[in-house]
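Engineer: no sequence on this one, just coordinates:
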RNA sequence: GCGGAUAUGGUGAAGCGGUUAACACACCGGUUUGUGGCACCGGCAUACGUGGGUUCGAUCCCCACUAUCCGCCCCA
């Protein structure tokens, strides 16, 4: 009986994992530059953590969540996104306390789970890098977070980026706009797509980014949220725009942009790429926004917050073009099995000095071993045969120049670093 | 949840009613003793997704299932 991985999951194998490690290293570097520190929260939480934060009616909660009952009868769920768990941890660990600097900035990297039909750039188990910053309502922080997202993608090598922003305003804004939108759309009720008819009752904002052609025509004449902003919300948004301008970050305002999670308010943003790998059109690779009120919703004190999530798989599609070349310091060539004992000891000694060593375990002939060494991009090959065993030396060959010379076992064992550097120096002469 | 396409060895890919199921790549070995390339020679593999059906005969036709890919919904 053989098995295959669950639908929508992926094995990240050597060849790919190097690229993931590179992405993670770049992510950590960028996050550190903005003084975000890593937080690691559980992959699963109480179901309520997600349903309360994302909204009971959001698609993510109603049809995409991997929820289950544990053996103790508790309703749990695999995290569909990163923010809820981080907010829960923020509240539970009382990170709002006066001893913590504000904003309290954290980042995370890890797998998320959504029960969806897999397709290009979308899986059931997927990965996000994300940040959250708590405790500061200043629009300057909104701008900094957007700058961070943009820097992150650029550092990861993503090109053809477009920053799109919008505001959902404060609760008063939202209430007024919600009413206006329903008033406008209701007369068109019969003309709306089937999906949008449902949305009209459930979440009319969603109709704004319907892809149905007729819906779009109707939406064109719909009231714009920007006209319903309270003075405070308008001031916040214009300040964000000013800071972005000051940073030289190009952006578009899309008044019809809505996000899938109900907890957003004020600034929301997406960074998209129209790189050819997404064949046709802009695809969102990073998105987030402000979620003042969410901390309270999960039982904490009134605390503003803002953050974003970045889809690693989508970024990986962009990074795919990059090639990771690795090289190997030493390949040990053994002439026959009699050399194995000495080879193992030398390999061990060199590895302990911090250099990677590979060797043959199949008893292949020298030619094949050199071929492997070349394939692994070995810098040096050390050959051990009968003569070398007798004289306690190895033939060291610089693979780049082809130069070869004998070196005593003892020297390899005690001072490999110097030898290695000297031998490779020859390269540059 | 809905729609479309596809399923042949480690990989890519021909064949489309009767074949030793091509070919290429990869891998292994050899071309005289222990050195990376090329060439040539040889070897290699539990390959026709699973289960039914049609047929004298099915990789090929039909049905179902499963899986994968792509799109919709939704989203990162």
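Structural biologist: Nice, I can see it. Keep in mind it's a predicted model, so treat the numbers as computed, not measured.
Engineer: What parts of the stretch 301-429 of chain A come near RNA strand B?
Structural biologist: A:309-311, A:313-314, A:335, A:362, A:364-368, A:370-375, A:381, A:383, A:385-388, A:395, A:397-402, A:404 (CB under 7 Å from any atom of the strand). Using the backbone N, CA and C atoms, a C-beta is placed for each residue, glycine as well.
Engineer: Show the buried residues in the residues you listed.
Structural biologist: For these, a burial check counting by 16 or more other CB atoms under 10 Å picks out A:309-311, A:313-314, A:335, A:370, A:372-373, A:381, A:383, A:385, A:388, A:395, A:397-399.
Engineer: Among those residues, which ones are in helices?
Structural biologist: Of those, the ones assigned to helices by DSSP state H are A:313, A:314, A:370, A:372, A:373, A:388.
Engineer: Touching, residue A:255 and residue A:225? I think so.
Structural biologist: Yes. Between residue A:255 and residue A:225 there is a contact under CB atoms under 8 Å: 5.9 Å.
Engineer: out of those two, which sits in the busier spot?
Structural biologist: More crowded of residue A:255 and residue A:225, by other CB atoms under 10 Å: residue A:225, with 25 against 13.
Engineer: does that one really touch residue A:257, like I thought?
Structural biologist: No. Counting by CB under 8 Å, residue A:225 sits too far from residue A:257 to count as a contact (9.6 Å).
Engineer: List the residues that are in contact with both of these two.
Structural biologist: residue A:166 (CB atoms under 8 Å, 6 or more residues apart in numbering).
Engineer: Give me every residue in the stretch 101-250 of chain A lying close to RNA strand B.
Structural biologist: A:114, A:116-123, A:126, A:128, A:195, A:199, A:206, A:209-212.
Engineer: Now do the helices in the stretch 1-150 of chain A.
Structural biologist: A:17-33, A:47-54, A:59-63, A:83-92, A:139-155 (DSSP state H, counting those that start in this stretch).
Engineer: Check for me that residue A:361 belongs to a strand.
Structural biologist: No. The assignment for residue A:361 (DSSP: H, G, I helix; E, B strand; the rest coil) gives coil, which keeps it out of a strand.
Engineer: and whichever residue of chain A sits closest to RNA strand B, what element?
Structural biologist: Scanning chain A for proximity to RNA strand B using CB to the nearest atom of the strand identifies residue A:260 as nearest, at 1.7 Å. For residue A:260, there is no host helix or strand (DSSP states H and E).
Engineer: That one and residue A:59 touch, don't they?
Structural biologist: Yes. Residue A:260 lies in contact with residue A:59 (CB under 8 Å); the separation is 6.7 Å.
Engineer: what's the residue lying closest to residue A:376 once chain neighbours are set aside sitting at in phi/psi?
Structural biologist: Nearest non-adjacent residue to residue A:376, counting by CB to CB, 6 or more residues apart in numbering: residue A:328, 4.5 Å away. Dihedral angles of residue A:328 (phi, psi; degrees, to the nearest 10) stand at phi -120, psi 130.
Engineer: what sits against residue A:328?
Structural biologist: By CB under 8 Å, 6+ apart, the contact list for residue A:328 reads A:356, A:357, A:358, A:373, A:376, A:377, A:378, A:379.
Engineer: what's the answer for residue A:35, then?
Structural biologist: Taking CB under 8 Å, 6+ apart, one finds residue A:105 in contact with residue A:35.
Engineer: May I see the ones in helices among the buried ones among the residues of the stretch 301-429 of chain A next to RNA strand B organised as JSON lines, with pLDDT added?
Structural biologist: Shown next, in JSON lines, are those (pLDDT from 0 to 100):
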{"residue": "A:313", "pLDDT": "92"}
{"residue": "A:314", "pLDDT": "89"}
{"residue": "A:370", "pLDDT": "94"}
{"residue": "A:372", "pLDDT": "93"}
{"residue": "A:373", "pLDDT": "94"}
{"residue": "A:388", "pLDDT": "93"}
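Engineer: Among the residues you listed, which pair sits farthest apart?
Structural biologist: Largest separation among those by CB to CB: A:314 and A:388, giving 52.3 Å.
Engineer: Residue A:159: neighbour count?
Structural biologist: With other CB under 10 Å as criterion, residue A:159 counts 12.
Engineer: Now do the same for it: helix, strand or coil?
Structural biologist: Under three-state DSSP, residue A:159 comes out as coil.
Engineer: distance of the closest residue in space to it that isn't next to it in sequence from residue A:30?
Structural biologist: With CB to CB, 6+ apart as the criterion, residue A:159 has its nearest non-adjacent residue at 6.1 Å, and that residue is residue A:275. Residue A:275 is 19 Å from residue A:30, where distance means CB to CB, to the nearest Å.
Engineer: ok, the two, which is more surrounded?
Structural biologist: Using other CB under 10 Å as the criterion, residue A:275 and residue A:30 rank with residue A:30 on top: 21 against 18.
Engineer: quick one: contacts for the more buried one?
Structural biologist: A:148, A:151, A:152, A:155.
Engineer: Next: residue A:407.
Structural biologist: By CB under 8 Å, 6+ apart, the neighbours of residue A:407 are A:382, A:393, A:394, A:396, A:419.
Engineer: and the two most separated of the residues you listed?
Structural biologist: Between any two of the contacts of residue A:407, the greatest separation by CB to CB is 12.4 Å, found for A:393 and A:419.
Engineer: buried sites along the worst-scoring helix or strand of chain A on mean pLDDT?
Structural biologist: Across the helices and strands of chain A, the lowest-confidence element by mean pLDDT, DSSP states H and E is helix A:59-63, at a mean of 76. Residues of helix A:59-63 classed as buried: A:59, A:60, A:61 (neighbour count, 16+ other CB under 10 Å).
Engineer: Is residue A:206 in a helix, a strand, or coil?
Structural biologist: Quick answer, by three-state DSSP: residue A:206 is helix.
Engineer: Contact partners for it?
Structural biologist: A:196, A:199, A:258.
Engineer: Kindly recompute the last result at 10 Å.
Structural biologist: A:58, A:59, A:195, A:196, A:198, A:199, A:200, A:258, A:259, A:260 (CB atoms under 10 Å, 6 or more residues apart in numbering).
Engineer: pretty sure residue A:178 is in a strand, no?
Structural biologist: No. Read with three-state DSSP, residue A:178 is helix and lies in no strand.
Engineer: what ranges do the strands span in the stretch 151-300 of chain A?
Structural biologist: Listed in chain order, the strands of the stretch 151-300 of chain A (DSSP state E, counting those that start in this stretch) span A:161-167, A:252-253, A:265-273, A:283-290.
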